[in-house]
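Peer 1: Quick one: sequence plus predicted model below, questions after.
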Amino acid sequence: MLRLGLVLLAAVLVLAACGGGGGGKRLTKAELISRGDAICTKYREKNVQLQKQAPAKSPTDPSASDEDIRRSGPILDKLADNVRGARSEFARLEPPKDTESDWKNTLDDLDQIASKLDDAAAAAKNVDRQKIVNVYAEALRLNSRVSNFEQGYGFRVCGKSS
């Protein structure tokens, strides 16, 4: 189902609590978790609304109609925009010094996820089923890496599926 596929990809936003290099005051771990979780909560709400617009079947579902696949394109575009919005907010947070490298890597992963979602949206518009499957797989791999960092770091909202 597209909703399932979007839930997994939308989880990118609610899982992604990483930013960095914002040039502001360096946060403590507790402050970073608190602010990151607030951002994740905001984007989780946006994604819940977005999921309500999704076709019943995922574009990765072999039984999805061509129309279902085409209709998923604009949803994937909006999801990519949400990833970019969350990433931008996270980038304004200054992580503790000992977290900088992981923070930067996760920002890079979020950039790649947004790009993969753009690719999936274009493939959906062209009903390129194989490309959608391939792009989803890569986005989910990146999402897993982001989620693993967040869960290990101690985020309470980010890194957790809804």
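Peer 2: Nice, thanks for sending it over. Computed from a prediction, not measured in an experiment: that's the story for all the values here.

Peer 1: which SSE is residue 69 in?
Peer 2: Take DSSP states H and E as the rule and residue 69 turns out to sit in helix 66-91.

Peer 1: for that helix, packing partners?
Peer 2: Other helices and strands packing on helix 66-91, by 3 or more CB pairs under 8 Å, 6 or more residues apart in numbering; DSSP states H and E, are helix 2-15, helix 29-51, helix 100-125. C-beta here means a position set from N, CA and C on the backbone, and glycine is covered the same way.

Peer 1: For residue 79, which non-adjacent residue is spatially closest?
Peer 2: Sequence neighbours aside, residue 117 is the residue nearest to residue 79 in space, at 5.4 Å (criterion: CB to CB, 6 or more residues apart in numbering).

Peer 1: quick one, what contacts that neighbour?
Peer 2: 9, 76-77, 79-80, 83, 135, 139 (CB atoms under 8 Å, 6 or more residues apart in numbering).

Peer 1: Please determine how far it is located from residue 83.
Peer 2: Taking CB to CB, to the nearest Å as the measure, residue 117 falls 6 Å from residue 83.

Peer 1: can you check residue 66 too?
Peer 2: As judged by CB to CB, residue 66 and residue 83 stand 26 Å apart.

Peer 1: Can you pick out the residue with more neighbours from those two?
Peer 2: Neighbours were counted for residue 66 and for residue 83 using other CB atoms under 10 Å; residue 83 has more, 28 against 11.

Peer 1: Just give the closest residue to that one, not the sequence neighbours.
Peer 2: Residue 83's closest residue in space is residue 114 (CB to CB, 6+ apart), at 4.3 Å.

Peer 1: how much space between that neighbour and residue 31?
Peer 2: Where residue 31 is concerned, residue 114 sits at a distance of 26 Å (CB to CB).

Peer 1: which of those two has more neighbours?
Peer 2: Comparing residue 114 with residue 31 by other CB under 10 Å, the one with more neighbours is residue 114, at 21 against 15.
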